[in-house]
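# fold the following, please.
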Amino acid sequence: MDLLADELSDLSKIQNDTESADDSSVGAELLIAANGNTNTNLKQWFKDMTDGRSRVVIFKSTQDELKTCGERLDDLAKTLFKQARKENPDSPLKWTLVAHLHEIDGGVSYGTSMNNLTPEATSYIENVDCSVTWFSIPILNHMDMKDTQRSLHPNRFHYSIEIPKVNGDLPRANPLKEGAELTRTGSNLSETAASLDIAIEQGGSHEILHELPEWLLVNSLRLRRFLDYEFCDGTLPCSTEDPFLILRPFKMLVYLRGKIKKRIRSFKLARTKLLDTSDEEYVKRYKEEPVEDIGMRGYQNQSLMDLSTLTGWILDLGCVEEFIDTYIEPQRVHLASAPASVRFLDMWFLFPIGALVYVRDNNTPQKIWRVVQTAGGRKWMSKAPLVSEGSNENTFSDFVLDCYYLDYTGHEYVPVYARFSITNFAGIQSTATLPVIPFTIALDQGYVIKEELLTRAAKFQELTQVSHRHYSGRSQDRTPWGTKLLELGTNALENVSIYSERVDSEVIVDFQRAIQEVSSWNPTAGTSLQPHIDDSHERPSDTDPDSQWSRKFTQDYIATETLKWDQWAKKGSGPTDEEDLFLLPDRIFAFVLKTRTWACLHLGKNAFGEEQLTEIIPQKHPWDNLELPLGHKEIVQSLIESHFSNNVGKQMHFDLVKGKGKGVIILLHGVPGVGKTSTAECAAESNGRPLLPIICGDLGLTPSEVEVKLQHIFRLAQAWGCVMLLDEADVFLAQRTATDTERNALVSVFLRTLEYYEGILFLTTNRVGVFDEAFKSRIHISLYYPPLQQDQTLKIWKSHIQKAIQDPRIKIDSDQLILCANDIFERQLDPQFGPVWNGRQIRNAFQSAVALACFHAKTGGPIQLETKYFKQVFDVSDQTTCGWSGSAIRMHNGI
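Numbering: from 1, shown residues only. A predicted model of the protein is given here:
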């Protein structure tokens, strides 16, 4: 039964001559889909048609052309088949040969991939009229892998959706349960772990989790149209002819789960209004009056549908719902609970958007993050660049997580983003060994303790206000996300610590000023959420572009979180929820007073369990341990207290120029080690104020440099209420001369800047009586510190003895040490042994004597602080003093 190819090609006439046949291709009005070859032998094409492997699709645009083409095909069908299609004036004009192909000799053929139908599937197609071109069997079909290629061109009768069988069988239980020994082999996932279901134990019983297939085919045209136009505005890469492929992990279906269920409810409600009966009755009626699988563009208005059409929609959508509820949802819930072991292909479910994670990288100080975007972790569907042929088999792209933690900018709390990745691994791996792990796993493993995190978060929030603290530990040299401070360009700043250094000093915690001074420390600088670029090797062009669903998950979550962040900014508040508090960093910005540098300090305990940042506990009576000349304490105390109080003395200003003369300048001059620096320290401590010590080297050498830096330091001191100490201020106090213009400029700048300082400033110098005349009018009080007298010396000795007694390891004979102190003082009155030790030298002598006593003490035994150790220190220091004195005499004599 052959036809001339040219007659069929242009459809200009139909002949019944079946004696000859040629190879040809179908004309422009027809598309023959037969294994992708349009130049097939006509006989083979007819055979493929009868086997269901080919179809004719008419591309006529106008109704007249469509009708003409349909009549010609109708005549051809009468010639080819014994039974022509039934005449039906209401039948659609899109008639094709497919309707006749299944009426050969009165029998029914479904095509190779539709053989061995179950009775249920057969019951759906028994009453399908021959005029129905496409019919969707509303069953979730498990497809043999050998039918995969053929299924890419669906038959007239096709299942709504299909998934591949595992090893040719329906899913089965996996004997590997939680707690079983884990192995990491190089075996093919699709043949081993991926082919098995997961059995988990819950409440003493086993719940079988069906293994997720690698893909799902949507054959139903109405389902394809529905997903496209209901939820994607017609942008999905699906066609009328071919099935739509959705790849694991089925992000689209996870995202649309709620919406699909809602639409099913709306269809069911509309159907109930037409007829309220049982589900079985609905299905029975649908089988009696099946509806063609037609996909209409746009929103599906259920109020305009008849009973069979509504049932067809409900059954098709029910297949999708069945797949979601049977396969996806149990896996999602199970993996979101952070099981003890996972496979790489489960990463997307293990780290859902909004989940807390712990980063195990030692170079990432911030440990707790929240997932906000994921990508990758997909099996390559095509060869990637620079990959050898065949080596991409079962190769996956890295799984990428974009996460954020919460930080403070000095004004508000903000999210700070960073990107982490997990490289593909074979087989099953312990979840706790991943580079990024779920937060609950970190808790179970003891990596973090919830109570400590909450305590640290509370301290962080407290420290967002300017705070005066003491820090003992190392500074941090990395940002919370792991970038070295050196790489931020802060090395160009002189007063910034960029390396991990030992810090033991009082500090001022001030986020706002730190970020103003070091702009690269702003947490939001260069850390915005970056979009992912699709990897074309992860999916064919005609499959679900699941990156858009990743973006939707992220956009939805960010929109919700942004509302919360905006409320914090508006109210000037911060995190209160427990999970948000976990995201706060363990890093603060502080100014180290001892070194006058900005540093990133660690908030929390050191390796010995000791808090590194602590509150300052002031001494009750700091002046009691300071030996000063008579009247010095009272003068200093009255000036300091008057300045910091709101009494009349502070409010009265006698300067003719407004803004001048509001500060308190105190000059302390005298020999070294007699209490000048200690006076400033006691003044600050007794008033609960930080002491900001500076030296001339901090201010620079040129007048312009000195002016800028001095003004900057004065601003910091006033902002924090510091007591300032400019130690060894000789260069600025020296008498100006007519010849040294550089020195004169420095003194002039210092004097001018000093007039507008409103805080307390102590100036110290060892050079007595050599300051410039202009200083006398700018200094509130000048105090002279003479060398220590014997009674002062003995009081200092007693003070150190009391401190040593407080250490239970040290044994002291106090009376003997006082006699030793008196003996040393009297010997130093002799010029050959002098001069008398000052306070600093006495402290150094105690430290050296204690070191000698520790050296001679037995292991584990008490430390006997005996007079012999002080005499040994005295003898050594006396030799040094005599050496210095001899050198001075020789230099004086010009030798």
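
# what about the closest residue to Met143 other than its chain neighbours, how many neighbours?
Of all residues not flanking Met143 in the chain, Glu162 sits nearest, at 4.6 Å (Cβ to Cβ, 6 or more residues apart in numbering). For glycine as for every other residue, the C-beta is placed from the backbone atoms N, C-alpha and C. Neighbour count for Glu162, taken as other Cβ atoms under 10 Å: 25.

# what does whichever strand or helix holds Glu162 contact?
In the assignment (DSSP states H and E), Glu162 maps to strand 157-164. Contact partners of strand 157-164, identified using Cβ atoms under 8 Å, 6 or more residues apart in numbering, comprise 52, 110-111, 114, 121, 125, 128, 134-145, 148, 151, 213-220, 223, 243, 293, 315-316, 319-320, 323, 327.

# which residues pair with the residue nearest to Met143 across the strands?
Asn141, Leu217 (DSSP bridges).

# so the closest residue to Leu488 other than its chain neighbours: helix, strand or coil?
Excluding the flanking residues, the one nearest Leu488 by Cβ to Cβ, 6+ apart is Ser520, at 4.0 Å. At Ser520 the chain is in helix, as set by DSSP: H, G, I helix; E, B strand; the rest coil.

# okay, now Ser520: neighbour count?
Per other Cβ under 10 Å, the neighbour tally for Ser520 reads 17.

# kindly report the same for the one 5 residues further on.
Neighbouring residues of Ala525 were enumerated by other Cβ under 10 Å; the total is 14.

# beyond the strand or helix carrying Leu817, next helix or strand please.
Using DSSP H and E, Leu817 sits in helix 814-828. Moving toward the C-terminus from helix 814-828, the next helix or strand (DSSP H and E) is helix 839-856.

# which secondary structure elements does that following helix contact?
helix 790-805, strand 863-865, helix 867-892 (3 or more Cβ pairs under 8 Å, 6 or more residues apart in numbering; DSSP states H and E).

# list the contacts of the helix holding Leu817.
So helix 814-828 is contacted by 790, 793-794, 797-798, 801, 805, 833-837, 865-867, 870-871, 874 (Cβ under 8 Å, 6+ apart).

# from Ala432, how far out is Ile441?
5 Å (Cβ to Cβ, to the nearest Å).

# of those two, which one has the most company?
Using other Cβ under 10 Å, the more surrounded residue of Ile441 and Ala432 is Ile441, with 20 against 17.

# confirm the more buried one sits in a helix?
Yes - per three-state DSSP, Ile441 lies within a helix segment.

# before we move on, back to that, flag every buried residue along the strand holding Glu162.
Buried residues in strand 157-164, defined by neighbour count with 16 or more other Cβ atoms under 10 Å: 157-164.

# list phi and psi for the spatially closest residue to Ala774 that is not a sequence neighbour.
Distances taken as Cβ to Cβ, 6+ apart place Leu751 nearest to Ala774, at 5.5 Å, with adjacent residues excluded. Leu751 adopts backbone torsions of phi -60, psi -40, taken as degrees, to the nearest 10.

# for Arg263, which residues are in contact?
Arg263 is in contact with 230, 317, counting by Cβ under 8 Å, 6+ apart.

# how near is the nearest residue to Leu529 once chain neighbours are set aside to Gln373?
Spatial nearest neighbour of Leu529, excluding adjacent residues (Cβ to Cβ, 6+ apart): Tyr417 at 4.8 Å. According to Cβ to Cβ, Tyr417 stands 9 Å off from Gln373.

# same check on Ser573?
Counting by Cβ to Cβ, the gap from Ser573 to Gln373 is 26 Å.

# Glu707 too?
Using Cβ to Cβ, we find Glu707 at a distance of 50 Å from Gln373.

# the more surrounded of those two?
Gln373 (23 against 19).

# about what we covered before: from what I see, the residue nearest to Ala774 and Phe775 are in contact.
Yes - using Cβ atoms under 8 Å, Leu751 is in contact with Phe775, at 7.3 Å.
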